[in-house]
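# Let me see the structure of the following:
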Amino acid sequence: MLFVIISCLLPVFGIMLAGCFAALRGLLPANAVHCLNQYVYWIALPSLFFSQLALMETGQLCAGLFLGLYAGLLAAYLPCFFLLRIVKREDAARATIAACMATFPNVMFMGLPIVSFLLPGDASAPLIVSLAALLYLPDMLYTDTLLEMLGHRGKKRAEILRSLGRSITHNPSLVAPALGLLINLCGLTPPAFLTAMTSMLGGTAAPCALFAMGMALHAELARTRSFPKGCFIRQLPLQLTKLCLMPLFTFMALSLFGISGIPLGVATLCSGMPSAVAVNVLAERHQAAARDTALGICLNTAASMISLSGIIALLFTLKVF
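Numbers count the residues shown, from 1 in each chain. Below is the predicted model of the structure:
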């Protein structure tokens with residue numbers, strides 16, 4: 001079991017290390033990090049979301065799964081945000097991106113391969129992973145929208161509303177899923193070339209984002225020669241929330257709403273995945289604690305080797321799988 005998890009995590013660290021090596025050797029221009037992050041945000045992730053929603057079969061989302069995942073997410077998100085915003089008096093942008101990092105799991109890029117290795121003969125398991133990825137998407141979209149609003153603080157209300165409306169209608173992470181969902185609800189089948197193209201572009205999101213994060217980490221550490229002061233203390237409650245508390249809350253909520261068996265186990269496992277690299281893309285785009293976010297994602301990706309092993313062992317002990 002541990003070998004399966006390690007075999008899925010090693011490529012993640014390998015791509016990050018490749019990014020660090022490229023930055024160390026000067027193989028790419030200094031602005032490559034920004035270019036890669038912009039590509040992921042504007043092209044790769046929207047393509048991935050569009051293809052998932054457009055091709056999803058109707059009737060695959062049940063109310064219990066929907067309510068359970070969101071109950072677990074909110075139970076983890078709200079304490080993190082208020083702890084940082086009210087107790088530690090962090091600014092709103094830092095508190096928002098930190099709460100997102102503590103609750104937005106890397107479902108598609110880590111959850112899918114782990115579940116596929118764990119339950120190779122179960123056809124419903126990959127479907128639950130895809131649905132979980134789509135249901136967690138509003139967490140990232142809410143964070144992006146709120147950071148956009150905070151970036152326009154101090155301006156007149158009408159100007160803020162115009163800017164917000166423009167950012168929403170021009171936000172690819174909103175427009176692409178909306179188009180995919182509209183096509184799905186209308187019972188239409190997108191052209192084969194379009195689904196093939198968006199699937200191929202979506203498949204580049206994870207490696208590009210991981211590579212860019214490796215380059216960004218190298219650049220930050222090379223500039224300061226050390227980790228940010230107090231970063232490990234600041235990261236500890238976020239790491240515990242993401243890797244331990246959120247899957248616990250999710251398991252309890254899903255059980256309360258009548259979800260059991262494979263859907264319960266897979267959805268719980270998805271909630272316990274480490275933070276998605278897309279959070280670092282948002283942090284870099286809005287310049288909101290980008291360095292702490294990159295470090296936090298690396299830390300909980302490493303720690304998830306232990307936490308995921310424990311979650312899987314508990315799920316088998318409880319005979320969920």
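# quick one, helices of the stretch 151-300 of the chain?
Ranges of helices within the stretch 151-300 of the chain are 157-169, 172-185, 192-202, 205-224, 231-240, 246-256, 261-271, 278-286, 290-317, based on DSSP state H, counting those that start in this stretch.
# closest one to Glu90 among those?
Ranking these by proximity to Glu90 (C-beta to C-beta) places helix 231-240 first, at 8.8 Å. For every residue, glycine as well, the C-beta is placed using N, CA and C.
# Show me which positions of the closest one end up buried.
Using 16 or more other C-beta atoms under 10 Å as the test for burial, helix 231-240 gives 234-235, 237-239.
# quick one: which of those residues is nearest Val40?
After measuring these against Val40 - C-beta to C-beta - the closest member comes out as Leu238, at 22.3 Å.
# Any stretches of this protein with poor pLDDT?
1-2, 4-5, 8, 58-61, 152-161, 163-165, 167-168, 220-221, 223-231 (pLDDT under 70).
# spatially speaking, which residue is in the middle of it?
Central residue of the chain (C-alpha atoms, centre = their mean): Ala276, 3.1 Å from the mean position.
# Quick check, that residue in contact with Ala102.
No: between Ala276 and Ala102 there is no contact under C-beta atoms under 8 Å: 11.5 Å.
# quick one on the thing from earlier: any chance of the helices of the stretch 151-300 of the chain in a markdown table, plus distance to Asn37?
Formatted as a markdown table, those follow (distance: least, C-beta to C-beta, whole Å):
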| stretch | distance to Asn37 |
| --- | --- |
| helix 157-169 | 17 |
| helix 172-185 | 13 |
| helix 192-202 | 15 |
| helix 205-224 | 5 |
| helix 231-240 | 21 |
| helix 246-256 | 25 |
| helix 261-271 | 24 |
| helix 278-286 | 5 |
| helix 290-317 | 10 |
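# nearest to Asn31, of these?
Using C-beta to C-beta, the helices of the stretch 151-300 of the chain put helix 205-224 closest to Asn31, at 10.5 Å.
# ok so, going back, which single one of the buried residues of helix 231-240 is nearest to Leu53?
Closest to Leu53, out of all of those and judged by C-beta to C-beta, is Leu238, at 29.2 Å.
# Go ahead and confirm the closest one touches Thr293.
No: taking C-beta under 8 Å as the definition, Leu238 is not a contact partner of Thr293, at 9.8 Å.
# Give me the common contacts of those two.
98, 101 (C-beta atoms under 8 Å, 6 or more residues apart in numbering).
# Now do the contacts for Ala283.
Counting by C-beta under 8 Å, 6+ apart, Ala283 makes contact with 97, 289-290, 293-294.
# Then Ala219?
Ala219 makes contact with 23, 30, 33, according to C-beta under 8 Å, 6+ apart.
# Could you check how far stretch 260-268 is from the centre of its chain?
Put simply, stretch 260-268 sits 19 Å off its chain's centre (C-alpha atoms, centre = their mean, to the nearest Å).
# Just the buried residues of the helix or strand encompassing Leu134, please?
Using DSSP states H and E, Leu134 maps to helix 124-150. Neighbour-count burial for helix 124-150 flags 125, 127-137, 139-141, 143-148 (criterion: 16+ other C-beta under 10 Å).
# surely Leu147 meets Arg94?
No: Leu147 lies out of contact with Arg94 (C-beta under 8 Å); the separation is 10.2 Å.
# overlap in contacts of these two?
In contact with both Leu147 and Arg94: Ala288, using C-beta under 8 Å, 6+ apart.
# From Thr250, how far out is Thr266?
Just to correct that, residue 266 is Val rather than Thr. Distance, Val266 to Thr250, using C-beta to C-beta, to the nearest Å: 11 Å.
# How about Ser304?
Note on Ser304: its distance to Thr250, by C-beta to C-beta, is 15 Å.
# same deal with Gly111?
13 Å.
# now Leu243
From Leu243 to Thr250 the distance is 12 Å (C-beta to C-beta).
# now Pro138: how far from Ala196?
27 Å.
# ah, wrong one, I meant Glu148
Glu148 is 32 Å from Ala196, by C-beta to C-beta.
# Checking the nearest residue to Leu245 once chain neighbours are set aside next. Helix, strand or coil?
Distances taken as C-beta to C-beta, 6 or more residues apart in numbering put Ala76 closest to Leu245, at 5.7 Å, once the chain neighbours are dropped. Secondary structure state of Ala76, per DSSP: H, G, I helix; E, B strand; the rest coil, is helix.
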